[in-house]
Structure formats: C-alpha cells, structure tokens
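Chemist: Sequence plus predicted model, see below.
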Amino acid sequence: MRKLTLVLVLSVLGFTMQAQQDLPENPEPGKCYVRCTTPDVYENKTVQVMITPEYKKLKTYPAKYETVTEKVVVKEASKKLKVIPARYETKTVTYVKKQGASTLKVIPARLANGSESIEIKSAYAQWELGAPAPDCASSNPEDCRYWCYKGYPAEYETIPTKTLAADATTESTKIAEQTATYTTRVLVEQAKVIEEVIPEEFATVKKTVLVKDAYTEEEIIPATYETINKEVLAKKGGLTVWKEVECSLVEYSALPINWNLGSATLTSQAKNLIDTRLMPVLANNPGSKMEIASHTDSRGSKSSNEELSDRRAQAVVTYLISKGINNSRLVANGYGETRLKNRCADGVTCTEREHSTNRRTEFRLIQ
C-alpha cells in the first residue's frame, strides 16, 4: 500500500527546509514519528482463477480378435427314399358261373260238362178277349164278349255248359346253378416308402472372430483452478497524520534466522521466529510498511550471493503474506555482499565468526 510515509524526526540532520516544514508540530526530543497518509484500506481476498477448462480426453482402443475353431457343415443332411413294392398272393376264387333257376310246366285248366236252365221268358198274365156270345143281340162285334185274365208260365231253355274242374297251374322243376373258379392276386401289403436319413457332413475350420469392436473411452479432465490473493479496496484513505513509533523500528533490527547452507527454505524454527517478532510489529503499526533485508558474506560470486539473498528475503515476505499480511506493506530486498558489516571483503582472510556477522536477515519500518 502506498499510504505510509516514514519520517525520522529530531534525530536526523540534513533535512531541507522544505522537508522540515512537513514535520509534526511540538515534537518531543528523542521521539520518532512516522507520517501516515490515511491508507486506503484493502482486504485480502482469495479468488479462484480457472487455469484450464474442463475438457474431454479420448482414448481409443483397437478391436480385439481371437482365433476360434468351428465345426462347419460341408454337406447338409438329406433323405433317401426307398420304395417297398406292394406284396400280393394268389388265391383261387369260386364263383357262380350260372345261377340256378326253375323251369315251369303249365298244367292246363280241366273243364267238366254241365248244363244250366235259363229263364228266357218270365211268367206273365194277360187279359184275353173271348169269343162272342151266340145269343148276343148286338150287332157290334165287340159286344157280348168276355174277357179272361189268363196266366202263362215262365219259359226256360237248357244250355249245355262247361264247369271248371281244375284251374290251370304250373309245375316248377329246379335247374341247379353252375359254379366255376378263377385265380386272383390279393394285396397282402400295400406299397410303402421308407425314408432313410443321410446325416450331414462336417469339417473343422479356423477363423478370426471379433471379440470386441474398436471403442473409445472418454475421460473428463476437470477444470483446474489457481487460488490468487487479491487486494480489494475496503475503505478509501487520503488523510495525512503523524504517528509516534519506536525509534528502534526504523533502524534495521536483526531477525536471527539460521539459514541452511545455500538454502532459502524456512524451517519451523524460522517460521516461529517470524510469528513472534514480525507479526506483532505489523499488527501494532497498522498502515506501516516493512522492509525485509537479507545479506550474505563475501564468499562466492556476487551474482549468486545477490540471488540467494533475494530468495531468502522473498521467502520471509511470502510467509507473511500467507499469514494474512497485505503484500503492499512488504518489501523484500536482497543485498548479497554489498553491505558488509566488517572488513571481510573479497580477498581478505577472515574467521568464520567474522563471516557469520555478514550473513544476516534484518527488518525495519520504512516510508
């Protein structure tokens, strides 16, 4: 954050008149002050940034085959028909060559002589006129006569007749039937067809069959994200105020980290030291900015020493950021062998203790 202005007051000579005009009014001797522009208040927030999107990863697999032995039909089954002819036997058959009958002899009717009296005139009676009386005085011939009713008997005639003594009849005489024989072939067993199965014929072949066709497996590669620390303005600053601070905090103070040779990795002891020494200073001086300075001895090349000191200072800053300190309040500087505290420069023989004086990590509050 570009908000805090660190000013050494009363203890530093050589300030210009312009700078002195900005100093706090009524300072107390022996005190140090920091000019603080009321900072913009930022909050650290973490956001996830998608580094790579979710995508599909396809992996293809070839078709799988295997060789199998298979029994195949080389000639299909069929049927053979066998005809069994009909079977006959010879038999002698007696038959009626001429059927029996009868002969009839007619015996004529026999008549006998007879007669029959036939009344040819029936009996009758009639009136008959008699002869005139001799003494009739009338000249009419019809007069003086008498009438008699005279009866006459029936008249018959005898006619000779024939009477039937015996009617005509027949006399039957049997004629015996005549037989003969003939031979015939009688069916004893019908003709038939016997069906005979001709089995199919097989052969063995080898063939390559598909066990599993070529296929694709789909793997979903999830999106990848990276967590980024982001400063978000929570409150706008801008006012300038002066704040009293301990004078020792504006001077370099030792942060006695025992770095492993050539390493910029913080040990658990180093992290505990940062927690107990630096975190309270930053917490008690809100809005202030802190410099982390790292140094090396003169042994080794200047470039490697500068690079190593940079990495060590940055390691401390990175750890403080992980503890929630806004990175705008932190400055990492690696000075390598440029700020030796004794005579042990290149080409000078020094003891190990003298060299260790130059290998140091320091911190201070800065403007």
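Modeler: Sure, I can see it.
Chemist: what separates stretch 356-367 from the chain centre, distance-wise?
Modeler: How far stretch 356-367 lies from its chain's middle: 71 Å, per Cα atoms, centre = their mean, to the nearest Å.
Chemist: try stretch 204-222
Modeler: Its chain's average C-alpha position is 19 Å from that of stretch 204-222, according to Cα atoms, centre = their mean.
Chemist: Dump that stretch to CSV, restricted to CA.
Modeler: What follows is stretch 204-222, C-alpha atoms only, in CSV (Å, rounded to 0.1, in the frame of the first residue of the first chain):
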residue,chain,number,x,y,z
THR,A,204,-13.3,-78.1,-38.9
VAL,A,205,-12.2,-74.6,-39.8
LYS,A,206,-10.3,-71.9,-38.0
LYS,A,207,-11.4,-68.3,-38.2
THR,A,208,-10.7,-65.0,-36.5
VAL,A,209,-13.7,-63.6,-34.8
LEU,A,210,-14.3,-60.1,-33.4
VAL,A,211,-14.4,-60.3,-29.6
LYS,A,212,-14.8,-56.6,-29.0
ASP,A,213,-15.1,-53.9,-31.6
ALA,A,214,-12.8,-50.8,-31.5
TYR,A,215,-14.1,-48.4,-29.0
THR,A,216,-13.4,-45.1,-27.3
GLU,A,217,-13.1,-44.3,-23.7
GLU,A,218,-14.0,-40.8,-22.6
GLU,A,219,-12.3,-39.3,-19.6
ILE,A,220,-13.4,-36.0,-18.2
ILE,A,221,-10.4,-33.9,-17.3
PRO,A,222,-11.7,-31.4,-14.7
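Chemist: Okay, buried residues for that stretch please.
Modeler: Residues of stretch 204-222 classed as buried under the neighbour-count rule (16 or more other Cβ atoms under 10 Å) do not occur. Yep, even glycine has a C-beta here, placed from its N, CA and C like the rest.
Chemist: So what pairs up with K192 in the strands?
Modeler: Legend: beta-bridge partners of K192 under DSSP bridges are I84.
Chemist: could you pull out the helices for the stretch 201-350 of the chain?
Modeler: With DSSP state H, counting those that start in this stretch, the ranges of helices along the stretch 201-350 of the chain come out as 268-284, 302-322.
Chemist: Tell me which of those helices sits nearest to I221.
Modeler: Comparing these by their distance to I221 (Cβ to Cβ), the top pick is helix 302-322, with 29.1 Å.
Chemist: Check the gap between Y319 and K174 for me.
Modeler: When Cβ to Cβ, to the nearest Å is the yardstick, Y319 and K174 sit 157 Å from each other.
Chemist: picking up where we left off before, possible to save the helices of the stretch 201-350 of the chain as JSON lines with mean pLDDT?
Modeler: Supplementary listing: the helices of the stretch 201-350 of the chain in JSON lines, determined by pLDDT from 0 to 100:
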{"stretch": "helix 268-284", "mean pLDDT": "93"}
{"stretch": "helix 302-322", "mean pLDDT": "94"}
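Chemist: now, of those, which is deepest in the fold?
Modeler: Stretch with highest mean neighbour count among the helices of the stretch 201-350 of the chain: helix 302-322 (a mean of 18; mean count of other Cβ atoms under 10 Å).
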